[in-house]
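[1] Sharing a sequence plus its predicted fold:
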Amino acid sequence: MADFFGSIWWFIVALGLLVAFHEFGHFWVARRMGVKVLRFSVGFGQALWSRNGKDGTEYVLAAIPLGGYVKMLDEREAPVASSELDGAFNRKPLGARAAIVAAGPIFNLVFTIAAFWLMFMVGVPEVRAVFDAPAGIAADAGMERGDQIVSVDGARTETLIQANIELLPFALDRKPVDVTVVDGSGISRDLTLRLDRLGDDFREEELLEFVGLDIWSPRVEPVVGGLVEGGAAEAAGLEAGDRVLQIGDTVIDDWQDLGVAIQAQAGDGRALAVEIDRAGERRLERIVPRRESPEQPFLIGIAPPELAASERATGERLFTVVRHGPVQSIGEALNETWRMTTATLGLMRRMVTGEASLSNLSGPISIAQFANDHAQAGFGRFLFFLAILSLSLAILNFLPIPLLDGGHLMYYFIEWIKGSPVSEQTQIVGQYIGLTALACLVTLTFYNDILRLLD
């Protein structure tokens, strides 16, 4: 329940902030162009709060936080007194009107860069692209356990997210790609991942799995490092240093296998047959796992051994906090904005051509969940989410779809070419087309959200 209300709250906070900034772009430029603004609204529907400013603008906070609008003085919507004609939007030159319309998504781009800049200043916890024992394509390329991908096709990849973003276009296009990896000793190697070998069943959301990569996790031997006082293992006679060989019919190779086997075979009051090795002697013990409540996992009361030095070193390489100074953060923010923009546009193009799945589209439900997850992960992660969402809003609004800013800019471009405005009839037809396109898009994103909830 806490996650549900948290998702709603952070969704409203994130979208409200970005919508306000978007509409402020229209408002600010309109005022600079001499256009009278009648209403500045964040949200649609019933007004929850409103105030009339000294500038003659009504400022509104409305009930439905899924957008907003700036209402300007315009003869096409209502009669305008002759004394106010200079402030009418429709009376402004083409360049001024285009600037006002373009200002919204441009302000979203500015917000994206600012959010990335602040994120790099504050610092954001990240996982590096350090991988476990490779398989398939990655193994054939010569990757080894503990290798970190530091560049893809010449593009630096400091984090796992960046490595995914750079690899995805080559995977979708089924093209080989050159990568540079660094091992635990700091030695770099240039390899080629044969992504042209990916099959027709490839799914972009499972990119690493299809390439044969899995995020590194420590390899812990199934050896008893310590015993919980009064626990089931101590009662059964286990000792520190015992190596667990088998639980029931399950052979145990590492510590993770041990936990999985216990949960799979345990039951209230059920004893497990646990085979151990103690100083070269095999012994069979019977242990009854315990749990604190029906919601808790079964435990036998043993602790893992200390990690080997090499495993600790690799674990330290896996996690990092990406942080830069004020000046360097400007360049990093611009680079990250460019990286995410090209990746988003590339993915959109491939969705249109059928090379990428439409399941990549997310709707309000997924956005709300992402907002809550990133907010819980810290301020730096939430800034990253805001930057990505703001960039998405900018790109969406630049699309040449009637009803969106990009649709209006398309009309202005036609007006510039032909020397006269687009006819009213054409604009009406365009509105119907745009409304249909947006309805289809919203329906698809909700469908994807529901499928994710059911998975």
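    Perfect, thanks for sending it.
[2] any weak-confidence spans in the stretch 351-455 of the chain?
    449, 451-455 (pLDDT under 70).
[3] Strands of the stretch 201-350 of the chain, residue ranges please.
    Taking DSSP state E, counting those that start in this stretch, the strands of the stretch 201-350 of the chain run over residues 226-227, 243-247, 250-251, 272-278, 281-287, 302-303, 319-322.
[4] Serialize those strands to a markdown table and add fields for distance to Ala99.
    (Glycine included, C-beta is placed from N, CA and C.) What follows is the strands of the stretch 201-350 of the chain, written out as a markdown table (distance: least, CB to CB, whole Å):
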| stretch | distance to Ala99 |
| --- | --- |
| strand 226-227 | 69 |
| strand 243-247 | 70 |
| strand 250-251 | 68 |
| strand 272-278 | 72 |
| strand 281-287 | 74 |
| strand 302-303 | 65 |
| strand 319-322 | 36 |
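[5] Find the nearest non-adjacent residue to Ser310, please.
    Computed as CB to CB, 6 or more residues apart in numbering, the closest residue to Ser310 that is not its neighbour in sequence is Gly184, at 6.8 Å.
[6] Am I right that the one you found is in contact with Glu311?
    No: the pair Gly184 / Glu311 is not scored as a contact, 9.9 Å apart, by CB atoms under 8 Å.
[7] Give me the distance between the two termini of stretch 244-253.
    End-to-end distance for stretch 244-253, by CA to CA, to the nearest Å: 9 Å.
[8] Show me where this structure dips below the pLDDT cut-off.
    Checking the chain against pLDDT under 70 turns up 1-3, 449, 451-455.
[9] again, 80 this time
    Judged by pLDDT under 80, the chain has its weakly predicted residues at 1-6, 65-66, 268, 295, 354-366, 438, 442, 444, 446-455.
[10] List the contacts of Phe383.
    Check again: residue 383 is Leu, not Phe. Shown in contact with Leu383 (CB atoms under 8 Å, 6 or more residues apart in numbering): 115-116, 118-119, 122, 124.
[11] Of those residues, which count as buried by neighbour count?
    115-116, 118-119, 124 (16 or more other CB atoms under 10 Å).
[12] among those residues, which are in strands?
    With strands taken from DSSP state E, the overlap with those comprises Val124.
[13] helices and strands around the helix or strand that contains Asn164, which ones?
    Element membership of Asn164, judged by DSSP states H and E, is helix 160-173. Contact partners of helix 160-173 among helices and strands, from 3 or more CB pairs under 8 Å, 6 or more residues apart in numbering; DSSP states H and E: strand 124-127, strand 148-152, strand 155-156, strand 177-182, helix 207-211, helix 326-353.
[14] For the ones you listed, could you give me CSV that also reports distance to Pro222?
    As requested, the helices and strands packed on helix 160-173 are exported to CSV (distance: least, CB to CB, whole Å):
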stretch, distance to Pro222
strand 124-127, 26
strand 148-152, 27
strand 155-156, 39
strand 177-182, 29
helix 207-211, 25
helix 326-353, 41
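[15] Distance from the chain centre to the helix or strand harbouring Phe413, please.
    Phe413 is located in helix 405-418, with elements delineated by DSSP H and E. For helix 405-418, the separation from the chain centroid amounts to 33 Å (computed by CA atoms, centre = their mean, to the nearest Å).
[16] Only the buried residues of it, if you could.
    By 16+ other CB under 10 Å, the buried positions in helix 405-418 come out as 405-412.
[17] Not counting its own residues, what contacts it?
    Applying CB under 8 Å, 6+ apart, the contact partners of helix 405-418 are 94, 97-98, 101-102, 104-105, 397-402, 421-422, 427, 430, 434.
[18] do the same with stretch 419-437
    401-404, 407, 411, 414-415.
[19] what comes up buried for that stretch?
    422, 427, 430, 434, 437.
[20] picking up where we left off before, emit the PyMOL select command for whichever of the contacts of helix 405-418 are buried.
    Selection of buried members from the contacts of helix 405-418 for PyMOL, criterion 16+ other CB under 10 Å:
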select buried, resi 97+98+101+102+104+105+397+398+399+401+402+422+427+430+434
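[21] Count the neighbours of Glu166 for me.
    Glu166: 22 surrounding residues under other CB atoms under 10 Å.
[22] The one 4 residues further on now?
    Each residue near Phe170 was counted by other CB under 10 Å, and the total is 19.
[23] Also Ser83?
    7.
[24] do Glu229 as well
    Neighbour count for Glu229, taken as other CB under 10 Å: 7.
[25] State the distance from it to Val223.
    Glu229 is 19 Å from Val223, where distance means CB to CB, to the nearest Å.
[26] Leaving out the residues flanking it, which one is nearest to Phe319?
    Here the residue nearest Phe319, using CB to CB, 6+ apart, is Val127, at 6.3 Å.
[27] I figured that neighbour was touching Glu158, is that so?
    No: with contacts counted by CB under 8 Å, Val127 stays clear of Glu158, the gap being 10.7 Å.
[28] Common neighbours of the two, please.
    Thr320.
[29] Now do the contacts for Gly269.
    Val288.
[30] hmm, try it at 10 Å
    Shown in contact with Gly269 (CB atoms under 10 Å, 6 or more residues apart in numbering): 288-290.
[31] could you redo these as CSV and give each row neighbour count?
    Below are the contacts of Gly269 laid out as CSV (neighbours: other CB atoms under 10 Å):
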residue, neighbour count
Val288, 16
Pro289, 23
Arg290, 17
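[32] and of those residues, the nearest to Ala271?
    Nearest to Ala271, judged by CB to CB, of the contacts of Gly269 is Val288 at 4.9 Å.
[33] What's the separation between that closest one and Tyr447?
    Val288 is 48 Å from Tyr447, where distance means CB to CB.
[34] cool, Ile330 as well?
    With distances taken as CB to CB, Ile330 is found 40 Å from Tyr447.
[35] Would you map the helices across the protein?
    Applying DSSP state H to the chain gives helices spanning 2-32, 94-122, 136-141, 160-173, 207-211, 232-236, 255-265, 309-318, 326-353, 364-376, 379-398, 405-418, 424-454.
[36] and the fourth one, which residues are buried?
    When you say that, I think you mean helix 160-173. In helix 160-173, counting by 16+ other CB under 10 Å, buried: 160, 162-172.
[37] Check the offset of stretch 214-226 from the chain's centre.
    29 Å.
[38] okay, how far is it across it, tip to tip?
    End to end - CA to CA - stretch 214-226 spans 29 Å.
[39] Can you list phi and psi of the residue lying closest to Leu347 once chain neighbours are set aside for me?
    Nearest in space to Leu347, with sequence neighbours left out and distances taken as CB to CB, 6+ apart, is Ala356 at 5.7 Å. For Ala356, the backbone dihedrals (degrees, to the nearest 10) come out as phi -130, psi 150.
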